[in-house]
Structures are given as C-alpha cells and as structure tokens.
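Peer 1: Got a predicted structure plus its sequence, pasted below:
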Amino acid sequence: MQDHPSFEVIDGDLSLGLVVLADHATNLLPSRYGRLGLPDSAFERHIAYDIGVEGVVRGLNARLNVPVVMSRFSRLLIDPNRGEDDPTLVMRISDGAIVPGNHPITPEEWQYRLETFHRPYHDAVSRTIGAVAKKTGKAPLIISMHSFTPAWKGVARPWQVTVLWDSDHRAVRPLLLELEALGDVVVGDNEPYDGALRGDTLFRHCMKPGIAHALIEIRQDEIGNEAGIANWVERLAPILGRLNADDTLHTYEIFPSRTGPY
C-alpha cells in the first residue's frame, strides 16, 4: 500500500491553455522502501529531487491560475523524466552514491515501480494536457520546471536560469529573450546539459504530438529558500503569461527530434 499518491494535480483554469509540470518535485518515498539504504542526508541532495521546484510551481499556480502536475516520489525510486526503456530509469549509482535499495532489483520490482509510480504520473500529465486541449480547442503550451546544482565536480556553473530544448524552438526563443531582458541574471541555452533526451517527459508529451514547450532550469541556490522562490515566481509569472498569450504557440507542429526518428 502507498503512503501517498504518486502525483499531484493542482487545479487551474484550463481555458488559459498553459500547463506547468514538475517531474522531480519531491524527495518522498513510501515507507516500504525505508531510505533505499541511504542516509537521510542523501534526500536533501539533487540526487533525490529538484530543490526549490515544488515551491516555484505552487507559486506559479497561485499567480497564474494554471494547472500544475507534479510527481510525489523521489527520482531515486524511479525517474519520471526517463523513458520506460532507459537504463537509468532506476539508478544504481547517482552522483557517486551507491543506492543499495536499487541494486540488485528484480524484474518484478522494476515493473511494480513502473506501474505504481512512473505510469500514473505520466497518465496524469496526459489527462491534464488533453483536458486543456479539449477546453480550448487548441494545443496547450507546456512548461516543465527543474533545478540544477550550483557546481559539478568542483566547477561552478555560472548560469542562474537556463532553457533546455530539443528541436522545437517556438517557445524557446521568445523565452530566452524574455529571460535575458531581466538584465541581472546569467541565462543559459541548453546548459548545463542538452535538452534532447529520447523518451523524457517533454519528448513523450510534446515533441511527438507537436506541442510547443520549454524546460526551465533554475540554479538551486537561487531557489533554496522562501525568499528565492518568491523572487523567481515574481520574475517568471509575467514572462510565462506573455509567452502563453502568443497564439502561434497554440498550434500543433512536428519537429523531428535530434535524438533520431520516433
């Protein structure tokens, strides 16, 4: 039995045509898994969840009144931002940390995690996107929120906010211009990693059906407390509102993925 749902949908006005996603919103684990053999401190790290993102998406929901779908389980259990055939779906080692509860893992347990956590989250994303499309008669705009660590292997990351994408640039280019216009932040384009990942959430729900989208990454020290979260909600809400008002983003158009044919 689960201790909590595998996802949360925060209601919003479907007629606005915008959906916000948070794949790695929480570090929660059902009690049956204990801590997967890890110390509690591991669950305060990026390996367990995207620090600060839950507060940001709840703030955007409050400001914009748009629906939000977020996971309610740690990515250490199973990563919702990976395709079902991705070998990193259940991580045995993450950023140098061996995950005893994931290695070894039986085929039955792998399937259980897919059916209990991964698929219900994606079903909720599909239902929400479908509900918005039905309400508006148009393609919705999808924004996925993530966060990244301030440094990697001892090297500082200069960007405070970045936009990740594959090949559909429709929402990306105006979003980058809006972020750069803030004037006091360092903006990254497909940093600190590339946004083309076959089978990930935006590949599945946006690239394949031709829905405009973008993935926003905020550096974790920018949203590591309530003041930082509030600051970025205040910055992003009007930007996303203006972006969503662009009718050209509410159409279906297929862009071949840089990861290869579907």
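Peer 2: Arrived safely, thanks for sending.
Peer 1: and N81, that's in a strand?
Peer 2: No - per DSSP: H, G, I helix; E, B strand; the rest coil, N81 lies outside any strand segment and is coil.
Peer 1: what's the spacing between it and A25?
Peer 2: According to Cβ to Cβ, to the nearest Å, N81 stands 11 Å off from A25. C-beta coordinates here come from the backbone N, C-alpha and C atoms, glycine included.
Peer 1: Looking at those two, which one has more neighbours?
Peer 2: Just comparing N81 and A25: by other Cβ atoms under 10 Å the higher neighbour count belongs to A25, 29 against 24.
Peer 1: Quick check: nearest residue in space to the more buried one, chain neighbours excluded?
Peer 2: Residue nearest to A25 in three dimensions, not counting chain neighbours: M70, with 3.8 Å by Cβ to Cβ, 6 or more residues apart in numbering.
Peer 1: Any idea what that neighbour is bridged to?
Peer 2: Under DSSP bridges, the beta-bridge partners of M70 are E8, A22.
Peer 1: And the pLDDT at it?
Peer 2: pLDDT, M70: 98.
Peer 1: same question, R242
Peer 2: With respect to pLDDT, R242 scores 98.
Peer 1: what about the protein, any weak spots by pLDDT?
Peer 2: Along the chain, segments meeting pLDDT under 70 span 1-2.
Peer 1: switch the cut-off to 90
Peer 2: Applying pLDDT under 90 to the chain flags residues 1-4, 92-98, 153, 260-262.
Peer 1: could you pull out the strands for it?
Peer 2: 7-10, 18-22, 68-71, 93-94, 97-98, 141-148, 151-152, 155-156, 161-164, 187-189, 213-219 (DSSP state E).
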